[in-house]
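Q: Need a 3D model of the following:
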Amino acid sequence: MVDHLSPPRRRRGGFTLIELLVVIAIIAVLIGLLLPAIQKVREAANRASCANNLKQIGLGVHNYHNSFNALPPSKMDDSWGTWATLILPYLEGDNAFHLWQPQQRYYNQALEARMHQVKIYFCPSRRGVPSSFSVGDQRTGTNLPNFPDTPGGLSDYAACVGTHWDQRNGAITDGMQRMIINPATGASVSNVGASSPPNAILVSWKSRTSWPKITDGTHTTLLVGEKHIRLTTQTGRTEDRSVYNGDHETGPVGREAGRGLSSAGEFEDKPLVSDPRDSINFDKRFGGRHPGVCLFVFCDGSVRGIQVTVNLDTLTRLAARDDGLPVPGDF
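A: Below is the predicted model of the structure:
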């Protein structure tokens, strides 16, 4: 028997398929609007962290100068240590530096010394501290001691060696070795650094530069900056090999900027890199992963971003320490 007095059953509420699709579309639009903002915030944080890394490197160089009245050389000599090893005691890396034996070649260093990764040597916009090390750090030749592939620590930063490495017009350039000793005989083998015996000892070396030699002004002379590393070789190969190995005048250790004249009388242009895939003079140029700019620490310790589209003449004047030419204030 049907009870005509009982209320009719109400249908259960819910989303229709169309309503559900509308909600999903709205959420997708909101996410699309939020992602660029999140990415901008993340990049701003990474850029600030990269600038702080360069600031600490600049302070390390200044403290090195306070101790030795000279700037660290880009390399002590072929096969020996670099600026990146010499400033370790001033980067809270004193323990890592004590693992090094500065008088010994890079290839003769202890494993723990060579494969020490320094956190502030890496830009977070490019990568974190990698677990991989260099590949291809070796030396062979008819008149050279042979060394096997000897992995070492990496870096996203390089010293500015000027407009061309063999002009030696940058704030940091290669050192002058004073004396190399053959430990087997105790005899001096000066001026044959790369060709000296495998276990040769670099007794002393000297830098070519100091603050008084930055005659163009420390506030307009580049010191260290972000180096260009192609996307395809960011694994410790080619231009991303060890920053501790003095066999690399340019590439892993030092970079050039602007228009430079080589000792052979040839001009080369090295503008800042804007595309991380760029393969033109890839191991000589500066370029980071921050949109539109490349970060540098200048000789006065200030950190500034330079537009990757900066005029080549301006970049040339920034790279050279003593050309006597004024630098425009809008770089």
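Q: tell me the SS of Gly141?
A: coil (DSSP: H, G, I helix; E, B strand; the rest coil).
Q: How confident was the prediction at it?
A: Among the per-residue scores, Gly141 holds a pLDDT of 83.
Q: count of residues packed around it?
A: 9 (other Cβ atoms under 10 Å). Using the backbone N, CA and C atoms, a C-beta is placed for each residue, glycine as well.
Q: How much space separates the residue nearest to the spatial centre of the chain from Ile120?
A: Most central in the chain under Cα atoms, centre = their mean is Tyr157, positioned 1.2 Å from the mean C-alpha point. Distance, Tyr157 to Ile120, using Cβ to Cβ, to the nearest Å: 9 Å.
Q: And Asn245, by the same measure?
A: 19 Å.
Q: Comparing those two, which shows the higher neighbour count?
A: A count of neighbours by other Cβ under 10 Å puts Asn245 above the other of Asn245 and Ile120, at 30 against 21.
Q: which ones are touching the more buried one?
A: The contact partners of Asn245, by Cβ atoms under 8 Å, 6 or more residues apart in numbering, come to Ser79, Thr82, Tyr106, Ser134, Asp137, Thr150, Gly152, Pro252, Val253.
Q: Look up phi and psi at it.
A: Backbone geometry at Asn245, expressed as degrees, to the nearest 10, gives phi -100, psi 110.
Q: Against Ala159, how distant is it?
A: Per Cβ to Cβ, Asn245 is found 14 Å from Ala159.
Q: For these two, list the residues in contact with both.
A: Residues touching both Asn245 and Ala159 (Cβ under 8 Å, 6+ apart) are Val253.
Q: What residues of stretch 220-233 count as buried?
A: Thr220, Thr221, Leu222, Leu223, Val224, Gly225, Glu226, Lys227, His228, Ile229, Arg230, Thr233 (16 or more other Cβ atoms under 10 Å).
Q: Could you do stretch 86-93 as well?
A: Buried-residue list, stretch 86-93, by 16+ other Cβ under 10 Å: Leu86, Ile87, Leu88, Pro89, Tyr90, Leu91, Gly93.
Q: so can I have CSV of the buried residues of stretch 220-233 showing pLDDT, secondary structure and distance to Lys206?
A: As requested, the buried residues of stretch 220-233 are exported to CSV (pLDDT from 0 to 100; DSSP: H, G, I helix; E, B strand; the rest coil; distance: Cβ to Cβ, whole Å):
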residue, pLDDT, secondary structure, distance to Lys206
Thr220, 96, helix, 26
Thr221, 98, coil, 21
Leu222, 98, strand, 22
Leu223, 98, strand, 19
Val224, 98, strand, 21
Gly225, 98, strand, 25
Glu226, 98, strand, 29
Lys227, 97, strand, 26
His228, 97, coil, 30
Ile229, 96, coil, 31
Arg230, 95, coil, 35
Thr233, 86, helix, 34
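Q: Mind jotting down where the helices sit in this structure?
A: Per DSSP state H, the chain carries helices over the ranges 17-68, 83-86, 94-99, 111-114, 312-319.
Q: Quick one: list the elements packing against the last one.
A: Counting contacts by 3 or more Cβ pairs under 8 Å, 6 or more residues apart in numbering; DSSP states H and E, the secondary-structure elements packed against helix 312-319 are strand 258-261.
Q: Strands of the chain, residue ranges please.
A: 157-160, 176-182, 187-188, 201-206, 222-226, 254-255, 258-261, 267-270, 293-298, 303-307 (DSSP state E).
Q: and the ones you listed as CSV, adding distance to Asn46?
A: CSV is the format used below for those (distance: least, Cβ to Cβ, whole Å):
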stretch, distance to Asn46
strand 157-160, 14
strand 176-182, 38
strand 187-188, 49
strand 201-206, 36
strand 222-226, 12
strand 254-255, 21
strand 258-261, 27
strand 267-270, 25
strand 293-298, 11
strand 303-307, 13
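Q: quick revisit: quick one: which of the contacts of Asn245 is most hemmed in?
A: Neighbour max across those (other Cβ under 10 Å) = Thr82, 30 neighbours.
Q: my read: His116 touches Asn95, true?
A: No - in this structure, His116 is not within contact of Asn95 by Cβ atoms under 8 Å, at 9.1 Å.
Q: In terms of neighbours, single out the busier of those two.
A: Shown here are His116 and Asn95; by other Cβ under 10 Å, His116 has more neighbours (21 against 10).
Q: Not counting residues beside it along the chain, what's closest to that one?
A: Spatially, and ignoring its direct neighbours in sequence, His116 is nearest to Ala96 (4.6 Å; Cβ to Cβ, 6 or more residues apart in numbering).
Q: Val203 too?
A: Per Cβ to Cβ, 6+ apart, closest to Val203 is Met179, 4.3 Å.
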